[in-house]
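*Asks:* Sequence first, then the predicted structure, then my questions.
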Amino acid sequence: MGVGGQEPTKDRSNSNCFFNDMPWKAVDSTIPYSYPQNMEVQLTPDQQAFAQQAIKTGRLHHEDEAVREALALWESRERTRSEILAMVDSAETSLAQGAGRMITEQSMIELANEVKQRGRARFSDEQVARS
């Protein structure tokens, strides 16, 4: 039993995902400097050198651009991760409800034969249509 006598949920879309608690509607990440408040970020010497190299080559204009780009990539990755976990949860629910098919060596052979039959029938229909 979980907290309060309830069964724990298996919803992993929110697990260990910092971004699920963010007020997304209040932040427009397409607008530069759009985050609601500023924060100080300490880069490692390697990160600073990397950002400085990007500035020297014209890829970036300021170190803060590197931080914004890194955060945007992290945000995108976390959103994608949440979507994937939600799809996995949905698939597990479907399987628990009896949807899907059991995968065995025999079922794979049968599936391959079905695909071959459909392919041969389609090819045959195309040959007849061309004649």
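*Replies:* That came in fine, so what should we check first?
*Asks:* Just the element for the residue most central in space within the chain, please.
*Replies:* Central residue of the chain (C-alpha atoms, centre = their mean): residue 80, 2.3 Å from the mean position. Here residue 80, judged by DSSP states H and E, is contained in helix 63-96.
*Asks:* in that helix, what counts as buried?
*Replies:* 63, 66, 68, 75, 78, 81, 82, 85 (16 or more other C-beta atoms under 10 Å). (C-beta placed from N, C-alpha, C; glycine too.)
*Asks:* For those residues, which two are the farthest from each other?
*Replies:* Using C-beta to C-beta, the buried residues of helix 63-96 span at most 33.0 Å, a distance reached by 63 and 85.
*Asks:* quick one on the thing from earlier: run through the neighbouring helices and strands of the helix holding residue 80.
*Replies:* Where contact means 3 or more C-beta pairs under 8 Å, 6 or more residues apart in numbering; DSSP states H and E, helix 63-96 is packed against helix 45-56.
*Asks:* any idea of the angle the helix it packs on forms with helix 63-96?
*Replies:* 110 degrees (axes from the mean of the first three to the mean of the last three C-alpha atoms, to 10 degrees).
*Asks:* could you give me the average pLDDT of helix 45-56?
*Replies:* Taken as a whole, helix 45-56 has an average pLDDT of 95.
*Asks:* Using CSV, write down the CA coordinates of it.
*Replies:* C-alpha atoms of helix 45-56 as CSV (Å, rounded to 0.1, in the frame of the first residue of the first chain):
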residue,chain,number,x,y,z
PRO,A,45,36.7,25.8,-16.8
ASP,A,46,36.2,23.3,-19.6
GLN,A,47,32.6,24.7,-20.2
GLN,A,48,33.9,28.3,-20.2
ALA,A,49,36.6,27.4,-22.7
PHE,A,50,34.1,25.6,-24.9
ALA,A,51,31.8,28.6,-24.8
GLN,A,52,34.7,31.0,-25.4
GLN,A,53,35.6,28.9,-28.5
ALA,A,54,32.1,29.2,-29.8
ILE,A,55,32.2,33.0,-29.3
LYS,A,56,35.6,33.2,-31.1
